[in-house]
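**Q** Starting from these lines, generate the structure:
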Amino acid sequence: MLSITSKSPLLLAAFGITLAMAGTASAQWRITRPGSYKLFANHNVGTGDGIIITASNVTLDLNGFSVSTNARGTGRGIVVENARSVIVSGGGVSGFNANVDLIGTQNVRVEGLNITGDGLAPNGGPTEIGVRLINSWSAYVQNNSISSVNLGIFVRGVRSTGNRIAQNIVVGGATAANNLLGICYNPEGGAGPEGPRGDAIYNNHIARFGFAVAVSDGSVNNMFTENTLASFTGAFREPENFEAQGGTNVEIDNTSVIIPTTDIVRP
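**A** Below you'll find the predicted structure:
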């Protein structure tokens, strides 16, 4: 593990300027100081996590490069934990169990990323997740392309609120049976039945999943508007949790269609 600080020999040792992160295979990076960071090479890890951000007031520009793992379907790609005012943008993340993971964060933006999985089979749950938020609030997940994962965007925990999930393209992989859910809202594991609340999910395109959207009983007052939902089985897995059937979540002006459950033969 490499701790990225203002004194790191691999960085320009100064605050107030962009700190250059040169690619180092098989090393986890941990950002523990505020500042602006930019990749100048692809960052690949043999196993485990890729980049962990625990400092607030951080900007991480992938600069068109990617973060990936050799141990496909394991670890986490870019993790923001217990931090606020963080921006992650501008490159690729691929092959992790959770490609982008926000845990206990506030005011984090994830935008302009190309997140890809390998279309792996689930293993008692999703093996590949695009973006996961756990007890995070005021996040903005926008304009990302997420493909070939079991679960596209996963929002968990009663302290998740006020998030904006907008203008993302979320598409399942070639094997239809491996594509579970486009967007899922549910409680944090082992923390009771209450889930996220008060989020706005709008203008997303979701295709090639068993269900486009799943919302648990305890996830309330979330608003789904003007999304395009092309799924194998249905737009909403628990329609009774939406206000049209007596629930509290809102769905307005979404366009939904059922598509054939077919695998894609790659050339």
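**Q** does the most centrally placed residue in the chain sit in a helix, a strand or a coil?
**A** Compute the mean C-alpha point of the chain, and by CA atoms, centre = their mean the closest residue is V131, 0.8 Å away. V131 falls in the strand class when you classify it by DSSP: H, G, I helix; E, B strand; the rest coil.
**Q** so it touches G117, yeah?
**A** No: contact criterion CB atoms under 8 Å: V131 and G117 do not qualify, at 11.9 Å. Every residue, glycine included, has its C-beta placed from N, CA and C.
**Q** re earlier: which SSE is the closest residue to the residue nearest to the centre of the chain other than its chain neighbours in?
**A** Closest residue to V131 apart from its sequence neighbours, by CB to CB, 6 or more residues apart in numbering: V100 at 4.5 Å. Per DSSP states H and E, V100 falls inside strand 96-103.
**Q** Which residues does the helix or strand just after that strand contact?
**A** Counting by DSSP H and E, the next helix or strand C-terminal to strand 96-103 is strand 106-116. Around strand 106-116, the neighbours that count as contacts under CB atoms under 8 Å, 6 or more residues apart in numbering are 62, 66, 80, 83-95, 99-100, 102, 130-131, 136-149.
**Q** Put the buried members of the residues you listed into a ChimeraX selection.
**A** Command for ChimeraX, covering only those of the contacts of strand 106-116 found buried under the criterion 16 or more other CB atoms under 10 Å:
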select :62,66,80,83,84,85,86,87,88,89,90,91,92,93,94,95,99,100,102,130,131,136,137,139,141,142,144,145,146,147,148,149
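**Q** Narrow the contacts of strand 106-116 to those in strands?
**A** Judged by DSSP state E, the subset of these located in strands is 66, 80, 84-94, 99-100, 102, 130-131, 140-142, 145-147.
**Q** Quick check: neighbours shared by V131 and G117?
**A** N99.
**Q** pretty sure R30 is in a helix, no?
**A** No: judged by three-state DSSP, R30 forms no part of a helix; its state is strand.
**Q** Just confirm it contacts I52, I think it does.
**A** Yes: using CB under 8 Å, R30 is in contact with I52, at 4.7 Å.
**Q** mind showing which ranges of the stretch 1-150 of the chain have poor pLDDT?
**A** Across the stretch 1-150 of the chain, the ranges flagged by pLDDT under 70 are 1-26.
**Q** redo that, cut-off 50
**A** For the stretch 1-150 of the chain, applying pLDDT under 50 flags the ranges 1-19, 24.
**Q** ranges for the strands of the stretch 151-267 of the chain?
**A** Using DSSP state E, counting those that start in this stretch, the strands of the stretch 151-267 of the chain run over 151-156, 164-166, 169-171, 181-186, 200-202, 205-215, 223-225, 228-236, 250-252, 255-258.
**Q** Check the offset of stretch 74-81 from the chain's centre.
**A** 10 Å (CA atoms, centre = their mean, to the nearest Å).
**Q** Please shift the residue numbers so they start at 343 in all later answers.
**A** All set: I'll call the first residue 343, so the last point we hit is now stretch 416-423.
**Q** What are the contacting residues of it?
**A** 387, 389-396, 402, 409-411, 428, 430, 435-447, 450.
**Q** so who does the closest residue in space to Y544 that isn't next to it in sequence touch?
**A** The shortest distance from Y544 to any non-neighbouring residue, by CB to CB, 6+ apart, is to T567 (4.5 Å). Contact analysis of T567 by CB under 8 Å, 6+ apart lists A542, I543, Y544, N545, V592, E593, I594, D595, N596.
**Q** Ranking by neighbours, what's the top pick from those?
**A** Counting by other CB atoms under 10 Å, I543 has the largest number of neighbours within the contacts of T567, with 28 neighbours.
**Q** Do I have it right that that one meets I525?
**A** Yes: assessed by CB under 8 Å, I543 is found in contact with I525 at 6.5 Å.
**Q** hey, what's in contact with both of the two?
**A** I507, V555.
**Q** From L493, how far out is I600?
**A** 20 Å (CB to CB, to the nearest Å).
**Q** For the two, indicate the residue with more neighbours.
**A** The residue with more neighbours, out of I600 and L493, is L493; 27 against 12, by other CB under 10 Å.
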